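Novice: When you get a sec, could you give me coordinates for this:
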Amino acid sequence: MKKIICVLGVASLLFACNIEKKKEGELPTVDIDVETEAGELPEYDIAWADVNIGTTTKTVEIPKVVIVMEEEEVEVPYIDIDMPDDKYGNAEEQTIVVEAEVSDFEHEIDIEEIWAKENNLYVISKLEKTETAISDKKMRISDQVTLNAPDLNVKYYIVGERPDRVFNMRYKYVKSMEELKNKIDGYTVIYQ
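Specialist: Got it, this is the predicted structure:
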């Protein structure tokens, strides 16, 4: 088996190159007197395969994410809550932010109302699709309110259809404000 592999290896080497005979060879002549003349071995010019290594330009699809964040000074609603039983002034300023990630069409999101009930705040936003197409791109939209209040449980509800993006799983979506009013009763509207 080793001999066959060796023969195949030598055969493949011979067939992988181009051999061109350049000059005829001759064997040395031998005289009976044991005099010899120098002989000449044949010369061969061996041309190996020409191998080029480099780069070429191809058109391929590469995913690109474009996120543009710009800082602007804008008016943000500010809510100051003084709880009747807060003797120690435990209020802290915090920003309530509602976000959605959308695709195909631009959307608008606005915090419509904030309700208070016991130690809970209910942040109700409205998500609406516009007629402006954004093709196959996606974008994040947001709205925010600054709140000065003691530590309260904040629950987020968005009125509108949940966009089909994993990012949007962190908020509860409802079909209408009436559905939400039927679910939560006894609240006080503190922001509208």
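Novice: Kindly report the domain assignment for the protein.
Specialist: 2-47, 79-191 (automatic domain parsing).
Novice: Of all these, which one is nearest E70?
Specialist: Comparison of the domains of the chain against E70 by Cβ to Cβ identifies domain 79-191 as nearest, at 13.0 Å. The C-beta positions use only the backbone N, C-alpha and C, and glycine is treated the same way.
Novice: Mind checking the domains of the chain for the one nearest to E73?
Specialist: Closest among the domains of the chain, using Cβ to Cβ: domain 79-191, at 13.6 Å.
Novice: ok, the closest residue to R162 other than its chain neighbours - how many residues close by?
Specialist: Of all residues not flanking R162 in the chain, Y173 sits nearest, at 4.1 Å (Cβ to Cβ, 6 or more residues apart in numbering). Around Y173 there are 17 other residues, counting by other Cβ atoms under 10 Å.
Novice: With I81 instead?
Specialist: Other residues near I81 come to 16 when the count uses other Cβ under 10 Å.
Novice: Skip the chain neighbours and tell me the closest residue to it.
Specialist: A149 (3.7 Å).
Novice: same deal with Q94?
Specialist: In this structure, Q94 finds its nearest non-sequential neighbour in L147, 5.4 Å apart by Cβ to Cβ, 6+ apart.
Novice: got it, and D82?
Specialist: A91 (7.2 Å).
Novice: repeat for S103
Specialist: For S103, the spatially nearest residue (Cβ to Cβ, 6+ apart) is K138, at 4.2 Å.
Novice: Test my guess that the one you found contacts R165.
Specialist: Yes. If you go by Cβ atoms under 8 Å, K138 and R165 touch, sitting 6.8 Å apart.
Novice: Mutual contacts of these two, please.
Specialist: Residues touching both K138 and R165 (Cβ atoms under 8 Å, 6 or more residues apart in numbering) are E101, V102, S103.
Novice: Now rank the residues you listed by neighbours and give me the top one.
Specialist: Taking other Cβ under 10 Å as the neighbour criterion, V102 ranks highest of the shared contacts of K138 and R165 with 23 neighbours.
Novice: Please report how far that one lies from T132.
Specialist: Separation of V102 from T132 (Cβ to Cβ, to the nearest Å): 11 Å.
Novice: chain center to stretch 128-145, what's the gap?
Specialist: On the basis of Cα atoms, centre = their mean, to the nearest Å, stretch 128-145 sits 19 Å off its chain's mean C-alpha point.
Novice: Quickly find the element holding the nearest residue to G160 once chain neighbours are set aside.
Specialist: Distances taken as Cβ to Cβ, 6+ apart put L127 closest to G160, at 3.4 Å, once the chain neighbours are dropped. Per DSSP states H and E, L127 falls inside strand 120-149.
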